[in-house]
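Peer 1: Using only what follows, build the 3D model:
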Amino acid sequence: ATGDLKLVAGLGETPIGWDVVSGDAFQSNAKVVVRDVLAGVQPGSIIVMNLMGAPNAPATADALATLIPELQARGYEFVTLREMLAG
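Peer 2: Model prediction:
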């Protein structure tokens, strides 16, 4: 893993990690995805949502329809990685 990070950095790119796993892969219940994201999110979080749509992630769209307004209501803003890194 360290070698991979060095390789990416050596190519002039910035390796990016995440801190919240949505659990959307193969999850059919949007409420579970919403619960897991809201339980882990904090300022500066990067949320991983792997897949969109059936059959791999049938609840992702419904989860996003709840998560986006809920996170905004809690004061979170959505930014691009470029904006976040420019900080």
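
Peer 1: Would you indicate which residues of stretch 29-48 are buried?
Peer 2: Along stretch 29-48, these residues count as buried under the neighbour rule (16 or more other Cβ atoms under 10 Å): Ala30, Val33, Val34, Asp36, Val37, Val41, Ile47. C-betas here are computed from N, CA, C, even on glycine.

Peer 1: chain center to that stretch: distance?
Peer 2: Once both centres are worked out by Cα atoms, centre = their mean, to the nearest Å, stretch 29-48 turns out to sit 8 Å from its chain's centre.

Peer 1: got the end-to-end distance for that stretch?
Peer 2: 17 Å (Cα to Cα, to the nearest Å).

Peer 1: got a markdown table for the buried residues of stretch 29-48, with distance to Gln72, pLDDT and secondary structure too?
Peer 2: Written out in a markdown table, the entries for the buried residues of stretch 29-48 read as follows (distance: Cβ to Cβ, whole Å; pLDDT from 0 to 100; DSSP: H, G, I helix; E, B strand; the rest coil):
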| residue | distance to Gln72 | pLDDT | secondary structure |
| --- | --- | --- | --- |
| Ala30 | 17 | 96 | helix |
| Val33 | 17 | 97 | helix |
| Val34 | 14 | 98 | helix |
| Asp36 | 18 | 97 | helix |
| Val37 | 13 | 98 | helix |
| Val41 | 12 | 98 | coil |
| Ile47 | 14 | 95 | strand |
